[in-house]
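Peer 1: heads up, no residue letters with this:
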């Protein structure tokens, strides 16, 4: 599979057809966003003019979740219960969640 060609994007809440239908050859993605890859969801939505260019003026503030106070340390503010990080423990006296991760380095591939 190559990444070039016709790719489409749609919010999962609006893609009600289900995986069995969506993955069929010949599925018509009518009303979906035309996107280029590689990309991010935000990048694709900026390309489609759903959101303005976030690098211009204060346009970054138009993106969802970007309504925090400007020029203010917001790390001590309560975490929204809808945040994917809401269940993580916090550092003592700080609002920043403690997130641990493991890194794995794959062995070099011999040619």
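Peer 2: Yep, that arrived. Being a predicted model, the structure only gives us computed values, none of them experimental.
Peer 1: Where do the strands of this structure begin and end?
Peer 2: Per DSSP state E, the chain carries strands over the ranges 7-9, 33-35.
Peer 1: For residue 10, see how far away residue 22 is.
Peer 2: For residue 22, the distance to residue 10 (CB to CB, to the nearest Å) stands at 9 Å. Every residue, glycine included, has its C-beta placed from N, CA and C.
Peer 1: cool, residue 17 as well?
Peer 2: 10 Å.
Peer 1: now residue 49
Peer 2: 16 Å.
Peer 1: Which of these two has more residues huddled nearby?
Peer 2: Taking neighbours as other CB atoms under 10 Å, residue 49 and residue 10 compare with residue 10 leading, 15 against 9.
Peer 1: Hmm, the more buried one is touching residue 31, no?
Peer 2: Yes: counting by CB atoms under 8 Å, residue 10 touches residue 31, with 7.4 Å between them.
Peer 1: so what's the residue nearest the centre of the chain closest to, chain neighbours aside?
Peer 2: Taking CA atoms, centre = their mean, the centroid of the chain lies closest to residue 41, which sits 5.3 Å from it. The shortest distance from residue 41 to any non-neighbouring residue, by CB to CB, 6 or more residues apart in numbering, is to residue 9 (7.0 Å).
Peer 1: Please apply the same query to residue 32.
Peer 2: Nearest residue to residue 32 in three dimensions, chain neighbours excluded: residue 8, at 3.8 Å (CB to CB, 6+ apart).
Peer 1: repeat for residue 46
Peer 2: Closest to residue 46 by CB to CB, 6+ apart is residue 53, at 6.0 Å.
Peer 1: Counting neighbours, what do you get for the one you found?
Peer 2: Using other CB under 10 Å, residue 53 is surrounded by 12 other residues.
Peer 1: Distance-wise, check it relative to residue 73.
Peer 2: From residue 53 to residue 73 the distance is 27 Å (CB to CB).
Peer 1: where in this protein is pLDDT low?
Peer 2: 1, 74-75, 84-85, 87-111 (pLDDT under 70).
Peer 1: Much appreciated, bye for now.
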